[in-house]
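fold the following.
(one chain, ligands or ions: 1)
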Amino acid sequence: MERVISGIRPTGNLHLGNYFGAVKSFVKMQDEYDCMFFIADWHSLTTHPTPENIRNSVKTILSEYLACGIDPDKAPIYVQSDVKQVLELYLYLNMNAYLGELERVTSFKEKVRKQPDNVNAGLLTYPCLMAADILMHKADKVPVGKDQEQNMEMARLFARRFNRIYNVEYFKEPASFHFADKAVKVPGLDGSGKMGKSEGNCLYLCDDEKTVTKKIMRAVTDQGPTQLNQEKPEVIQNLFTLCELLCGKEAADYYNDLYNRMEIRYGDMKKQMAADANKLLAPIREKITAYASDDALLERVMRQGAEAASARAEKTIEEVREIIGFRKI
Ligand code: AMP
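The predicted structure is shown next:
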C-alpha cells in the first residue's frame, strides 16, 4: 500500500478552505492508503508562538481533525515534536542544502517580505525540515496545495542528492499528490479568491450556528445582473463556487438559472447556503467540543501516533547513520 504523509501547521482553527481543500480528502484517503498525519509544531516556531499558543493550537487541530473523521486507528496522527529522530535527519539534510538554493525558494522570499524583522534561520531551512518529515517515512505521496510545490521539489532534490553523495539508492523521491482532478479552491466570504486565516474571510468549522449564518448573509455581492446571461463578476462567481460546495451542483445550477434570467435574489441563495453550511457543520462542531474537552483521549491519540511514527523514524535514522558512517547507538 502506498504511503501518504501530510502535515499541518497549528496556527489557528480549521476553516472551510482547509476542510474542502484538504481534510475531507484525507478522510477518504485513510481507507485507500497507508496514511500518517502530523501537526507541524516545530515548523510553527518560525513565527515565535508562546508555549500557551503551542499547547492550545496543537489540541485544537487534533480535536478538529478527529471531528472531521480522521480515525487514528486507520491513520496515526502525531505531533512533529514527539518524533525527535526528525531533528537528526533535518541536521543531515541541512549539511547538503546550499544557501543560494534556499534563498531562492519563493515562500522564503515571501516571508522575508512579510516579516522583515524576523528572518530567522528556521525560515531559510524550512524546506529541509519539511523534507525530513517526508523522507523519514519514505512517503510515496504527499498531498500538497500549489503553494507547497516548490518545497516538494526541494524534498525530491535532497533525496536525490543524498543518494548521489553516498552512492546509494536509499531515499525515494516523493510525489506531490493532487487528490482532486481539479484542485479545489475555496473562495473567501469577502468575495476574494481564497479563504485564508490571514485574510479574515473564513468560515471556521467551530463557528456557532448564528455566526455561520451572519457571516454568509454578509458575504460580499453586487447589485445583481443588469443583462440576461451576463458573465459573472469575480465576487459573484466566488459566491456560486461556495454555493456549489455547500449546497451541491443542483442548487448552484438552480441559482445560476435565476441569475441568467436576472431573477436572482442573493438573500435567498445565501439563506440556503447558511442552512446547508449549518447542516454540514453542526455534527462536526459538536464533535470538536467533545474531543477538545477530553484530554485523556487526545493524549492517547498523540501517544499512539508518536509510537507509530517513532518506530518508522528510528529504523530510517539507524540506516541513515550507517550510510553516513556513524556508529550504531
Ligand atoms: P493553511 O492553513 O493555509 O496552511 O492550509 C493548509 C492546507 O489547507 C493547504 O495546503 C490546502 O491544502 C488547504 N487550504 C487552505 N485554504 C484553502 C482554500 N481556500 N481552498 C482550498 N484549499 C485550502
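
kindly report the residues of the chain close to the ligand.
By the rule Cβ under 6 Å from any ligand atom, the part of the chain lying against the ligand is 8-9, 17-18, 21-22, 145, 184-186, 194-197. C-beta coordinates here come from the backbone N, C-alpha and C atoms, glycine included.

which stretches of the protein have low pLDDT?
Counting by pLDDT under 70, the chain contains low-confidence residues at 179-183.

which residues sit in contact with Pro27?
Just so we're on the same page, residue 27 is Val rather than Pro. Cys68, Gly69, Ile70 (Cβ atoms under 8 Å, 6 or more residues apart in numbering).

which strand or helix spans it?
Here Val27 sits within helix 24-32, counting by DSSP states H and E.

buried sites along that helix?
Lys24, Ser25, Phe26, Val27, Met29, Gln30 (16 or more other Cβ atoms under 10 Å).

separate out the buried members of the contacts of Val27.
For the contacts of Val27, buried by 16+ other Cβ under 10 Å: Cys68, Ile70.

in strands only, show me the residues of the chain next to the ligand.
Ile8 (DSSP state E).

narrow the residues of the chain next to the ligand to those in helices?
Within the residues of the chain next to the ligand, residues falling in helices by DSSP state H are Gly17, Asn18.

can you select the buried ones from the residues of the chain next to the ligand in PyMOL?
This is the PyMOL syntax for the buried subset of the residues of the chain next to the ligand, where burial follows 16+ other Cβ under 10 Å:
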select buried, resi 8+9+17+18+21+22+184+186+195
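
which single one of the residues of the chain next to the ligand is nearest to the ligand?
Closest approach between these and the ligand, by Cβ to the nearest ligand atom: Gly21, at 1.9 Å.

ok, now which ones touch that closest one?
Gly21 makes contact with Gly145, Ala183, Val184, Lys185, Val186, according to Cβ under 8 Å, 6+ apart.

and Asn238, that's in a helix?
Yes. Under DSSP: H, G, I helix; E, B strand; the rest coil, Asn238 falls within a helix.

what would the buried residues of helix 24-32 look like in TSV with distance to Phe240?
Output for those, formatted as TSV (distance: Cβ to Cβ, whole Å):
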residue	distance to Phe240
Lys24	20
Ser25	22
Phe26	26
Val27	25
Met29	28
Gln30	31
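
can you flag which of the contacts of Val27 belong to helices?
Among these, DSSP H puts Cys68 in helices.

now, which of the contacts of Val27 sits nearest Tyr266?
Comparing the contacts of Val27 against Tyr266 with Cβ to Cβ places Cys68 closest, at 29.2 Å.

residue ranges of the strands in the stretch 1-150 of the chain, please?
3-8, 34-39, 77-79, 141-143 (DSSP state E, counting those that start in this stretch).

as TSV, those with distance to Met95 would be great.
As requested, the strands of the stretch 1-150 of the chain are exported to TSV (distance: least, Cβ to Cβ, whole Å):
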stretch	distance to Met95
strand 3-8	22
strand 34-39	24
strand 77-79	26
strand 141-143	23
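
what about stretch 220-233, distance to the chain center?
Put simply, stretch 220-233 sits 33 Å off its chain's centre (Cα atoms, centre = their mean, to the nearest Å).

pull out the buried positions in it.
Buried, per 16+ other Cβ under 10 Å, within stretch 220-233: Thr221, Pro225.

before we move on, what about stretch 233-249?
Val235, Ile236, Asn238, Leu239, Phe240, Thr241, Leu242, Cys243, Glu244, Leu245, Leu246, Cys247.

these two touch, right, the last one and Gln272?
Yes. Using Cβ atoms under 8 Å, Cys247 is in contact with Gln272, at 5.7 Å.

for the protein, longest helix please?
helix 295-324.
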